[in-house]
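**Q** Structural data only, the sequence is not supplied:
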């Protein structure tokens, strides 16, 4: 706002001071440069969005909330002056979608009375996730260590994070030493009962246990496994259906639960950006390419990495010397029957994230009998093949699922990108329910999608990166031994992002590959062969994704 009351002119005293400086050789100058502002946005607690205004110089008291036009939300606070060049404003979104703030020209002045001549704006796209704790709150959340975690504190997080983080320092004490943060509310529901957080650990393979507590209630221990060494990773914890409640207030962090930490130097872990993950969120649209990552690390976020090259063949004859290994064994936290690892937070042995996706209507279909999946190691799976499995069982006909899709993905090692342009073929082990893949009267067509790194703001593809694809018929009938080798030529361009074009898409993806996707379209769902002894008739559709490699053999 530039009301007359906020405008300043040189007084006689100021003019005299200016003349005195000139007489003493100061060389008085006149400031005619207009001030500017840059606006950034970030999620805040309670679903609010915090906009930060960074001015090029001191603007005195010439800026307030009346100078800001908000679209898609309402002001939750007045403008807060942080220092001479920084102000903040909290905005409550009207719903999911874009929230935009705009500051027009002639809305603020510098102390030399120059108006701003350039407008500025910033847009923040809200999601269905609810931020529970960022540790950057204006009013600090209650955070305390216990039973050997008393050295815990909110501090500036390690490189790669965002501002402050919860540092959990374990020094001796009990095997359950840790820390907890108290938040305003954790509104779990049957649709939303997954908690995510970014975690930083000095070692890989560390069990990260979380639990939620309220007065007289607890979710019990929920475990995820940190797989990134000295780096940030997003982990998720699924609250059991039986423990869903809206009465939880405390998030309890128990890194490396069950061990007693050394007193010196102790064990240091960091947690940041706790969120209640919203249900039904999708990263894109379009049958077969709408991928909802689980876990949430972005493809390509680790930068360019070297694709491991095998020096000898593996025990099952799939990988040969000279092959580039994209994904091999799959690992994850053990499920409740202690037989298979669950898909939550699962990774390949190269530390690339894996996940599944499907048409959301499949899970809510009235004819759905079952859906499940797991990670199987080579020890508990026929053929000794480590793999990632996902399936649905329906009682009904194909008609409702004609436009559906389901599948899974594996990210490049360490969630980076790899150059596979020197290879002639991609090969993978792929199979699924016997009723679908091992019957002579049914040969499903599967879509294989190769994806480049995610490009911010790209909506041309479901993944947010350039995508190329090829279909093939999964016609082998040998279960876990089924291997397919597909030439890296004559691929279809599904969509381009960033500076890529249709002409360069294939070479761009092969030179910087971030993700391999296997998609089963609805037209290939099994409604031909019913499961044995099922009444009513039940049809299994699914896919097992085993090792993925690139080869010239």
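**A** Noted; the coordinates are in hand. Computed from a predicted model, the values in this text were never measured in an experiment. Numbers count the residues shown, from 1 in each chain.

**Q** Tell me the secondary structure of the residue nearest to residue 80 when sequence neighbours are not counted, please.
**A** Once flanking residues are discounted, residue 80 sits nearest to residue 88: 4.9 Å by C-beta to C-beta, 6 or more residues apart in numbering. C-betas here are computed from N, CA, C, even on glycine. Three-state assignment for residue 88 (DSSP: H, G, I helix; E, B strand; the rest coil): strand.

**Q** you'd agree residue 88 is up against residue 75?
**A** No: counting by C-beta atoms under 8 Å, residue 88 stays clear of residue 75, with 11.6 Å between them.

**Q** Residue 386 versus residue 340, what's the distance?
**A** The gap separating residue 340 from residue 386 is 11 Å, by C-beta to C-beta, to the nearest Å.

**Q** Spit out the residues that contact those two alike.
**A** Between them, residue 340 and residue 386 share these contacting residues under C-beta atoms under 8 Å, 6 or more residues apart in numbering: 375-376.

**Q** Give me the neighbour count for residue 118.
**A** Burial of residue 118 is recorded as 11 neighbouring residues (other C-beta atoms under 10 Å).

**Q** so who does it touch?
**A** Contacts of residue 118 (C-beta under 8 Å, 6+ apart): 34, 36, 105.

**Q** re earlier: higher neighbour count, residue 340 and residue 386?
**A** residue 386 (23 against 18).

**Q** need the contact list for the more buried one.
**A** 328-330, 375-378, 546-547.

**Q** Spatially nearest residue to it (excluding sequence neighbours)?
**A** Counting by C-beta to C-beta, 6+ apart, the residue nearest residue 386 is residue 329, at 4.0 Å.

**Q** circling back to that earlier point, and the gap between the residue nearest to residue 80 and residue 217?
**A** Noted for residue 88: a distance of 36 Å to residue 217, by C-beta to C-beta.

**Q** Test my guess that residue 320 contacts residue 309.
**A** No: shown here, residue 320 and residue 309 do not form a contact pair, counting by C-beta under 8 Å, at 10.7 Å.

**Q** Tell me which of the two has more neighbours.
**A** A count of neighbours by other C-beta under 10 Å puts residue 320 above the other of residue 320 and residue 309, at 15 against 12.

**Q** Next one: that one from residue 447, what distance?
**A** Applying C-beta to C-beta, one obtains 26 Å for the distance of residue 320 from residue 447.

**Q** what's the neighbour count on residue 359?
**A** Counted with other C-beta under 10 Å, residue 359 comes out at 20.

**Q** What pLDDT is listed against it?
**A** On the pLDDT scale, residue 359 is placed at 86.

**Q** Can you give me the distance of it to residue 343?
**A** 18 Å.

**Q** cool, and residue 257?
**A** In terms of C-beta to C-beta, residue 257 sits 22 Å off from residue 343.

**Q** same deal with residue 39?
**A** Distance from residue 39 to residue 343, counting by C-beta to C-beta: 39 Å.

**Q** Neighbour count for those two, which is higher?
**A** residue 343 (23 against 20).

**Q** Which secondary structure state is assigned to that one?
**A** Following three-state DSSP, we place residue 343 in the coil state.

**Q** Find the residue ranges of the protein scoring beneath the pLDDT cut-off.
**A** Residues of the chain that meet the criterion pLDDT under 70 lie in 1-29, 43-47, 95-97, 126-128, 191, 225-227, 278-297, 335-339, 344-345, 379-382.

**Q** Okay, strands next: where are they in the stretch 101-250 of the chain?
**A** 120-126, 130-133, 142-146, 153-156, 164-170, 178-182, 194-201, 206-214, 217-218, 222-226, 231-238, 250-255 (DSSP state E, counting those that start in this stretch).
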